[in-house]
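Undergrad: What follows is a predicted structure for the sequence shown.
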Amino acid sequence: MSTLELFREIYGGKLAASGRTITLETAIQVSTVVACMRVISEGIAQVPLKIMREANGKRLPARDHPLYDVLAVRPNWYQTSFEFREMVGWHVGLAGNHYSFKNMIGQKVRELIPLDPGRMKVVRADDGELSYEYAMPNGAKTIFKSEQIWHVRGPSWNGWVGLEALQIAREAIGLAMATEEQHSRMHRNGVRNSGVYSIEGTLNKQQHKDLSEWIQKEMSGVENASKPMVLDRNAKWLSTAMTGVDAQHLETRKYQVEEICRFMRVMPIMVGYSDKAATYASAEQMFLAHVVHTLAPWYQRLEQSIDANLLTKAERAAGYYSQFVEEGLLRGSIEATATVLEKYVNGGLMTPNEGRAKLDMNPDPDPASDKLRVPANIVGKQPKGAANDTQNA
């Protein structure tokens, strides 16, 4: 049995009102679903993910912690951090859950081995204890304890298993599939009307066959579009179907882009769909809304899951925590990066050398570059002799 077949059995591909069965295999054939998942998963994967430690009033990357390399560079022997986190986004976004086996040495996680969510069954005992039953490719079943599995849940109704987005949005996805298929069939036939070719008299079997072949050859297909139809024997063409404009296929397909985006909580502009009334200013606010309302909840979800499940209580008490560095989203915009760093440095939030580190530049040897530049107009009245220092900072 293939993974996709097992996925259907476990999660139950359901029939939408449009007549389409929504499964993982069929859903990812819809361009809007793929685009939404790429926007989410790449947004999770493209920014740095670090294990930090807060100690003595300072927050520094905990490079000596084993989990730092696992999350930032190589979670397992065959995936990079980007590939792994991208996959986590797809798993949670479509299946509602991600599962990874925690390969540990003592209390330290040394490796994260991803497991197919379609093969996993979560079992909750009467006392609330969770166990994970995994169907191996050879048909054998393996039972994992809850402490052996890193389980990232999406939105959940019962609190211990995430809801599957494919089933929640099956009507929207199903209608998108149906309209796309119908439009494809129309183009296959030259976007021409279906109808009745009516003639006087009765055709024998051979005449009927010859006429059908002639219509198929001379009138159907894109190459015959707009070609005039020559009829004889008082023949008449009676249309029995609506055109694409009459059926408002384009409008329906556009609306389904928005509808799927609503389910995925993705701004339509992020999947290449924009309203004609959109301006540069409004588009900029949409991109900002994408970071605030789409990616930020994902960062928070994963950070809390890492802290709770991959770090020990003692490590959390010692100041260790995970953090997505959202400034990585500015990596492609030199102007925006320069503006933000300039405000941070001149506003006294970051030293010049910290700003240079953000750009992967060597530190300035001048000791003043390791000091905050406090603006003179906000520090208040200074003791005698200190004003010049403040103005020179």
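TA: Received, thanks. Numbering: from 1, shown residues only.
Undergrad: So what's the residue count around Q304?
TA: Other residues within reach of Q304, judged by other C-beta atoms under 10 Å, total 13. Just so you know, the C-beta spots here come from the backbone N, C-alpha and C atoms, and that holds for glycine as well.
Undergrad: Please identify the helix or strand for it.
TA: helix 296-309 (DSSP states H and E).
Undergrad: buried ones in stretch 154-170?
TA: For stretch 154-170, burial by neighbour count (16 or more other C-beta atoms under 10 Å) applies to 154, 161-167, 169-170.
Undergrad: Can you lay out these as JSON lines showing distance to I306 and secondary structure?
TA: JSON lines is the format used below for the buried residues of stretch 154-170 (distance: C-beta to C-beta, whole Å; DSSP: H, G, I helix; E, B strand; the rest coil):
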{"residue": "G154", "distance to I306": "16", "secondary structure": "coil"}
{"residue": "V161", "distance to I306": "19", "secondary structure": "coil"}
{"residue": "G162", "distance to I306": "16", "secondary structure": "strand"}
{"residue": "L163", "distance to I306": "21", "secondary structure": "coil"}
{"residue": "E164", "distance to I306": "23", "secondary structure": "coil"}
{"residue": "A165", "distance to I306": "22", "secondary structure": "helix"}
{"residue": "L166", "distance to I306": "26", "secondary structure": "helix"}
{"residue": "Q167", "distance to I306": "27", "secondary structure": "helix"}
{"residue": "A169", "distance to I306": "27", "secondary structure": "coil"}
{"residue": "R170", "distance to I306": "31", "secondary structure": "helix"}
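Undergrad: Out of those residues, which is nearest to V257?
TA: Ranked by distance to V257 (C-beta to C-beta), the buried residues of stretch 154-170 are led by A169 at 12.7 Å.
Undergrad: can you pull the contacts of W298?
TA: Going by C-beta atoms under 8 Å, 6 or more residues apart in numbering, W298 touches 40, 43-44, 89.
Undergrad: quick one: it and Q148, what's the gap?
TA: As for W298, its distance to Q148 is 25 Å (criterion: C-beta to C-beta, to the nearest Å).
Undergrad: same question, G347
TA: 47 Å.
Undergrad: same thing with K217?
TA: Per C-beta to C-beta, K217 is found 65 Å from Q148.
Undergrad: same question, L302
TA: Going from L302 to Q148 by C-beta to C-beta gives 19 Å.
Undergrad: out of those two, which sits in the more crowded spot?
TA: Legend: neighbour count by other C-beta under 10 Å for L302 and Q148, higher for L302 (21 against 14).
Undergrad: Can you tell me the closest non-neighbouring residue to M52?
TA: Nearest in space to M52, with sequence neighbours left out and distances taken as C-beta to C-beta, 6 or more residues apart in numbering, is Q323 at 5.1 Å.
Undergrad: my guess is that neighbour is in a strand, correct?
TA: Yes - under DSSP: H, G, I helix; E, B strand; the rest coil, Q323 falls within a strand.
Undergrad: Model confidence score at it, please.
TA: Per-residue confidence for Q323 comes out at a pLDDT of 94.
Undergrad: Ok, the one 10 residues further on next?
TA: What the model reports for S333 is a pLDDT of 63.
Undergrad: and what of T243?
TA: Predicted confidence (pLDDT) for T243: 56.
Undergrad: And the one 3 residues further on, by the same measure?
TA: Looking at D246, its pLDDT stands at 52.
Undergrad: Strands of the protein, residue ranges please.
TA: Using DSSP state E, the strands found in the chain span residues 14-15, 21-22, 49-55, 58-61, 97-105, 108-115, 120-124, 130-135, 141-145, 149-153, 195-198, 236-239, 320-324.
Undergrad: What residue in the chain is the furthest from its centre?
TA: G201 (61.2 Å; C-alpha atoms, centre = their mean).
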